[in-house]
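K.L.:
Okay, predicted coordinates and the sequence, questions at the end:
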Amino acid sequence: MPRLDITVEICGMAGDGTIAAGGLLNEAVSLGGLFVLAFDSYPAEIRGFGRCVTRARIGETPRIALEEPTHVLISLDDEQSLSRVPSLASNSVVFFDNRPPSYIPEARSLAAHLGHPTILYGMPMADLAAGAAGTTRGKNLTALGGFAAVFGIPPVLFQRVISKKFQSKGDKVLEANLKSFDAGYEYAQKEFSERLSAPFPFPEAASEGETVLTSGNQAIGQGALDAGLQLYFGYPITPATPIMEFLAQTLPAQGGRVTQMEDEISSIGAVLGACFAGRRAMTATSGPGFALMTELITHGVMSETPAVIVNAQRGGPSTGLPTKTEQSDLHAAVFGGPGDSGRIVVAPTSVAECYSYTLKSFQWAERYQIPVIVLTDFYLDNRVESISPLKPDADAAEDRTLLPDPDAKGPYERFKITESGISPRAFPGMEGFVFKATGLEHTEAGLPSYTPENHTKMSEKRHRKLLSALADLPEPEEFGPEGSLDVGVIGWGSTFGSVLEAVESALERGLKAGALKVTSLFPYHANHIRRFMHRCRAVLVPELNFEGQLADLIGHLHHRDVVRLNRVTGQPIPPTAILKRIEELIGAEAE
Amino acid sequence: MKEEHYVVVGNGPAGNEAATTLRDKAPSARITLIGREHRMCYRPKLLPAYLSGTIEEEGLYALPLEHYQEKDIKLRLGQRVVGLIPDRKELVLDHKEIVPFTGLILAVGGTPRIPENLHIFRELMFTLKTVSDAKRWMKHLREVEHVLMIGGDLTSFAVTQALLDMGKRVAFVLNEESFRPLRSSPEIYEEAAHVLKARGVEVIEGRRVRGMSRLGQDSIEVMVEDKRISTQMVGAFFGLVPDVGFLVRSGLHIESGVLVDETLHTGSEGIYAAGDCAQVYHPALRDYWVSIGHDNAANLGRIAAQNLLGEQIEVRVPAESIFQVDGIKVNTSWWKEF
Amino acid sequence: MRSHRQNVGTPAVSQEVYSEDPADFFYMKVNVPCQSACPALTNVPAYIRALFEDDPDGSYEINRSANILPGVLGRICSRPCEDQCRHGEPELGEPVGICHLKRVAADRRSRKESAPAKLPYSGKRVAVVGAGPAGLAASHDLATVGFEVTLFDAFPEPGGMLTYGIPAFRLPRSMLREEIERILDLGIILKAGVTIGKDIPMERLLSEYDAVLATLGCYGSRRVGVPGEDLPGVISGLEFMMDVSRGRPPRLGKKSLVLGAGFTAFDCARSALRLGTDEASICIRRTEEDFKVTKDEVFQAKLEGVKILPLLVSQRILGDTAVEGVEFVRTRPGAPGPDGRRSFEPIEGSEFVIPADTVLVAVGQESLSLEAPGERDSKGLPVVDRETFRGTVPGLYFAGDYVTGPGTVIGAIAAGRAAAERIARDLTGNIFRRKSIRMREASITDRNRTWDYIHRNEMPTVNPPESRLVHYETEVETGLRPDQAAEESKRCYLCYLHYEIDMTRCIYCRYCIDSAPRDCIKLVDEVLLNEAGAVAGFKETTVWRDVNAVVIDNSRCIRCGECVRVCPVDCISVTRVELVERMGEEAAR
């Protein structure tokens, strides 16, 4: 029997409780021992007129990408759900409210767009909620009740996660939500009694899940905490805000501080100041805020001050598409700002990596005395994944700063030229070490100097430091068979999960394909990447941007043009789309 | 030009025959077939055999999914029609959807009838019209040894045989309510009683059921006139009534079915009825009749479809063959089959 | 309404305000469907609310002030209100048991009520001829506004059809007498057993009284008009019912056929089964769908054993010395008539016979001619102006079924009351009762949304059905039990509450729409007004920039109050809007 691997989608209008229902669903099935990868999409406006969709891939094995088609659709608003019809599997299961507020013409009816063999479960979601709890607002929970009954998921799993979510809101609210869920469950048990054998049988709930559901943003926050973060400065912006929210709840308890600044410029300024003084500090922002920070980031480069900056990308340019995902800040992260201002840019590809990369970033930043940019995107920040409980490395909080030799003779030179490019670093106020710091080009002693020789020497020093860092940064990872490949797919960030799934599917079909995961985007492991490229007849680089920013960055390493697969739909790229391109490329090569 | 949209309500033999005929004669029209049950079209006649385990569930189904794909018929199952507005040519579905049509064929079939005086005992009785009903029977039959049949329509005799085949003990209350939709006659009555007794069925003759009560999990007491009969399960077979509640106040006329003329036309433009829900006057009987059985239904479905598309075919059934059930003559010979 | 029209957004009414603006009457018609559907304009939400608050006396009085005979109507009213009840709209379930609750109020009242308020004697005397529902209602209204009323009736008992037509198993006589007594107690002089036009000439009444109101009802039985109608065993349905009511039931055969499809046909068939016939069948030309009686009545009749034989029409009544059977032909629907209703035509050559030994003819009733001065129409009946109830002789008025043909009890009561007001105005030049719209500040109720899902409480009846047939007087319906009545009274949405969003304070957050039970709160571009200035509709929009207002469509609103509870700026006001009758000084003002 094939192991369960389905995509469940909840779709509604803003205000229907779509995202909340998705969260509960994910938590409940995760509690039952299943693996979840989920991602929501919602309108940008705080009280928007718009479609909310939460998609979850649920299975018996861990998954790393959302996939199409959708097997189960829970519609909280049929008109909004109409657009989801093309992405439904032919034998999909659809839950819908069969007592909508008004009559709907056939042309706009969800049910009318779904014929046999789609299995329809019509239930009076809003009426059941109103009948049980006195308000229609629990209709998302009655829908979940129906879902649980049809798929044979023990209601207690839902009841537990509902209790957890609502217990802080008082007994009345909690009771209303539980009653709504129960009403949906009981209704479905009774009305669908003969149709409870859905086409996608869920396994008997395993022993309690070993995994925890964690979002990318939570993992980043936890990574920073476990790294011994002391100070967080930030200004809210989607999709980075949850990091600040998480830290606001956790960091003070650990003795740290979270400060909301007046804007992003002051945020990065405060981070640099804290780090200059030897504290661990961080900020997180998205494209528009990151753009404001770039001048001061290059100040960090020039003054060789460590800092950790999370850039959670969203659709741009400018305010752009605040609640849609995109990977279009790569160039800004790598090159943004004045001057030859090389800095470290890393891009995790999964929730677990969000944790481990954030955790490590502080040490990289300290060791190489440089700002480190953790580049994520909406799809990675807001997705939840079932992962093993996060555990820090034993030495995660350890300061890796190369300190000056206390016995050294002569005046201390803060920017001393060394082979590695790393100068021993003293902190302000450290006894016996007086130093000067500036954003102007400077001598080893920190005094301004604009001589051709000095600027050349210092630029070389800062560049050497990056090369030293490269050895410390994660190497690209290769997946797939050794030897020559028909197609090699290079993926980065949130897109890599889809790349890997596509390559796995291609291999299952007997195609010679491989994948390369690149997480160190600057500096990057050119030799390694080149080696991989040279094994491939065609190199495919799927990215969620229009221009192909990674392809631009590393494409020159190959002796043929790399093939770009660019999407700017604001939505994740499904593995099937990459697989299709792989097949096309192999077909074209064969001709 | 406005797109033609033909809607057929009812996923039985009449409805399917109508939809297929419409497709064959109107290649470019949009055709929607709406069925109340979630199941594909099946043969209700086989339900007793399914009940006794003689055939598997798969054997019940009449048409594969490919048929609808090939004929480009949109199959909408599990959707209930709750209203019809003939003037606007719109159907209202239970989930508050309005479906416009240019032509409509009503082939909704029947639903089990329960006489008024037994209404309050509905929960205690089993009826058999759908696969779901059959599944309920099968589940319950595992627990019981004795079944009391009351009413006695055409299905009841096949069910009785199925129960006997399963080794159950059967009692049968035979009275004038039996034989629906046929009128009882002394000959039919005598023969039925005779055949049932010969099969080992306890026949309780000419008595009216007054009431029943549950004494325990599998124990029901039925009051037949002044006599009390203990049984474990009660099967109610009082014939079918057309499932046309949604037509009330629509402007169409309903009695034991939708009243139609000889061309199956309801009198409202573009609306026809066929199968078990169409009620037609027959001159030789001087009475209205309702079709029963698969072949009749399919035949009527075809004629309704042809007439909807402009033909004027009259339903002409010889009086003596009206009381035929799937080719077996009702008045005397069909008992032999039992 | 003028004072706070939907798109104006004035604050809630802070005190009691009365209006006679046509726009406000239009509002009532659209938004309080039960009260508008009642010919007597009974304030349904108010009396159900009173009952919910455990005040049966108050509930009864609200009823009585509009419909005079709540105990009677609570049993046998034709219930036009329930057909219009918002709870009965397709997606909302079953209508509230408005009629059954009326009976609860009547049955449970303390009977300690004081006599109705009476205006001082005006010096005018009015004769009312016919003590049926119309005559009783008119007498009541005239007596309460200061007229001396003398009520004549040809029968020994007052009540008209209530007493002589409707069977006791549907309308117990003790209760009926009690309610009639209460009317007569207003000082009305009853002269029973006196036939005007025979015992006393109409001219004499006209000369002795300032006005005469004739509410004579419809006591003529229509004939089928087929051969054999005069055979022994063929009985007029109306006469049969009257004889039964007088305690002189005729002997019936074993097999009775009832011709007709109205209340009388059902009363005949059900009475026949109680009086010893073995089989009673109602023969109708059309189908059950066309019955004018309630569904429940049909069900109860069938339960008792009445059979319905549809799609046939009698051709001849057969028999040599007495009825032996009826020859029928089948009918079929024909072409639609001018009213859109299709006639049912006989099918040629479809003759067949149903054996029977009793035939009860209940094919209709009509008004009988009257010895009285004035012009006559083609049927020989007095010419009456239906607006003013005036005949062609000064001082002579007509009302009720006598004018309109057989109608409903509630219709007759409403007509009697309207005629009384007309007479009172004609005689004095004063207005005594005046309809106005009363608006009062209100708050959302304690109604819980879960109450909207309570199923209609069905009327308990005497069972098994055989036991009803033993004693003719056994009332079939036993009345809602107290627990049922409490539950049923929770079901009323209280449509007299008017919800409105103050657009000057609304922040367009749309929380109300999220919590709305149906499409009752709308985003609109424009509010459409009719000529009277009342809200007649909305131009809705889904384009955000076109949204000019968030409005509550009170014709869709089920008064659940959710919007008020979720509104973050408290900009939704509730007003209690009722159509009331003001009497005496208040009315004159």
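P.N.:
It's in.

K.L.:
Let me see the ranges of the strands in the stretch 201-338 of chain B.
P.N.:
Assigned by DSSP state E, counting those that start in this stretch, the strands in the stretch 201-338 of chain B fall at B:202-205, B:209-216, B:219-224, B:227-231, B:233-237, B:240-242, B:258-260, B:271-273, B:278-282, B:287-290, B:324-325, B:328-329.

K.L.:
Dump the ones you listed into TSV; add mean pLDDT, distance to chain C and mean neighbour count as well.
P.N.:
Any C-beta I mention is one placed from the backbone N, CA and C, and that applies to glycine too. Output for the strands of the stretch 201-338 of chain B, formatted as TSV (pLDDT from 0 to 100; distance: least, CB to the nearest CB, whole Å; neighbours: other CB atoms under 10 Å in any protein chain shown):
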stretch	mean pLDDT	distance to chain C	mean neighbour count
strand B:202-205	86	20	16
strand B:209-216	88	7	15
strand B:219-224	91	9	18
strand B:227-231	91	15	15
strand B:233-237	92	17	23
strand B:240-242	78	12	23
strand B:258-260	91	6	27
strand B:271-273	96	13	28
strand B:278-282	86	6	23
strand B:287-290	78	7	20
strand B:324-325	38	22	19
strand B:328-329	30	24	15
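
K.L.:
Spatially nearest residue to the residue in the stretch 1-150 of chain C positioned nearest to chain B, not counting backbone neighbours?
P.N.:
As assessed by CB to the nearest CB, chain B sits closest to C:Glu91 within the stretch 1-150 of chain C, at 6.4 Å. Ranked by CB to CB, 6 or more residues apart in numbering or on different chains and with sequence neighbours excluded, the top spatial neighbour of C:Glu91 is A:Arg99, at 5.8 Å.

K.L.:
what's near enough to touch that neighbour?
P.N.:
A:124-127, B:95-96, C:91 (CB atoms under 8 Å, 6 or more residues apart in numbering or on different chains).

K.L.:
residue in the stretch 451-591 of chain A nearest to chain B?
P.N.:
A:Thr576 (23.0 Å).

K.L.:
quick one: secondary structure of the residue nearest to C:Glu91?
P.N.:
With DSSP: H, G, I helix; E, B strand; the rest coil as the basis, A:Arg99 sits in coil.

K.L.:
Let's see if you can find the most crowded of the contacts of A:Arg99.
P.N.:
Sorting the contacts of A:Arg99 by how many neighbours each has (other CB atoms under 10 Å in any protein chain shown) puts A:Met125 first, at 32 neighbours.

K.L.:
quick one: it and A:Asp97 touch, right?
P.N.:
Yes. Using CB atoms under 8 Å, A:Met125 is in contact with A:Asp97, at 4.3 Å.

K.L.:
and residue 212, what are its bridge partners?
P.N.:
If you meant another chain, say so; for now it's chain A. Note on A:Val212: beta-bridge partners A:Ile387, judged by DSSP bridges.

K.L.:
sorry, should have said chain B
P.N.:
B:Met212 forms beta bridges with B:Val222, as assigned by DSSP bridges.

K.L.:
Please give me every residue in contact with it.
P.N.:
For B:Met212, the contacting residues are B:121, B:124-125, B:220-223, B:234, by CB under 8 Å, 6+ apart.

K.L.:
what about C:Glu540, how many neighbours?
P.N.:
Neighbourhood size, C:Glu540 [other CB under 10 Å]: 15.

K.L.:
So it versus C:Arg86, what's the distance?
P.N.:
C:Glu540 is 20 Å from C:Arg86, where distance means CB to CB, to the nearest Å.

K.L.:
Now the residue nearest to A:Ala149 when sequence neighbours are not counted: which helix or strand?
P.N.:
The spatially closest residue to A:Ala149, leaving aside those adjacent along the chain, is A:Ala188, at 3.5 Å (CB to CB, 6+ apart). Assigned by DSSP states H and E, A:Ala188 belongs to helix A:171-191.

K.L.:
which of the residues in that helix are buried?
P.N.:
Residues of helix A:171-191 classed as buried by neighbour count (16 or more other CB atoms under 10 Å in any protein chain shown): A:174, A:176-189.

K.L.:
go on, stretch C:399-414?
P.N.:
For stretch C:399-414, the neighbour count (16+ other CB under 10 Å) marks C:399-404, C:406-414 as buried.

K.L.:
what does the stretch 101-250 of chain C put close to chain B?
P.N.:
With the criterion set to CB under 8 Å from any CB of the partner chain, the stretch 101-250 of chain C never comes near chain B.

K.L.:
in the stretch 101-250 of chain C, which spans are strands?
P.N.:
Using DSSP E, counting those that start in this stretch, the strands of the stretch 101-250 of chain C run over residues C:125-129, C:148-153, C:189-192, C:211-214, C:220-221, C:234-236.

K.L.:
okay if I get those strands as CSV plus mean pLDDT, mean neighbour count and distance to chain A?
P.N.:
Shown next, in CSV, are these (pLDDT from 0 to 100; neighbours: other CB atoms under 10 Å in any protein chain shown; distance: least, CB to the nearest CB, whole Å):
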stretch, mean pLDDT, mean neighbour count, distance to chain A
strand C:125-129, 97, 26, 50
strand C:148-153, 97, 24, 51
strand C:189-192, 97, 15, 53
strand C:211-214, 97, 28, 48
strand C:220-221, 94, 16, 47
strand C:234-236, 96, 22, 48
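
K.L.:
any chance of those strands in CSV, plus distance to C:Val30?
P.N.:
Output for the strands of the stretch 101-250 of chain C, formatted as CSV (distance: least, CB to CB, whole Å):
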stretch, distance to C:Val30
strand C:125-129, 35
strand C:148-153, 37
strand C:189-192, 42
strand C:211-214, 33
strand C:220-221, 39
strand C:234-236, 43
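
K.L.:
and A:Pro100, how many neighbours?
P.N.:
23.

K.L.:
wait, A:Pro252
P.N.:
A:Pro252 has 11 neighbouring residues, counting by other CB under 10 Å.

K.L.:
ok, now A:Ser92?
P.N.:
24.

K.L.:
Tell me the confidence at the closest residue to chain C within the stretch 51-200 of chain B?
P.N.:
In the stretch 51-200 of chain B, the residue that lies nearest chain C is B:Glu116 (4.1 Å; CB to the nearest CB). Per-residue confidence (pLDDT) for B:Glu116: 83.

K.L.:
what does chain C have sitting close to chain A?
P.N.:
Proximity of chain C to chain A, by CB under 8 Å from any CB, involves residues C:91, C:448-450, C:452-453, C:509-511, C:513-520, C:542, C:544, C:560, C:562.

K.L.:
Right, I'll leave it there.
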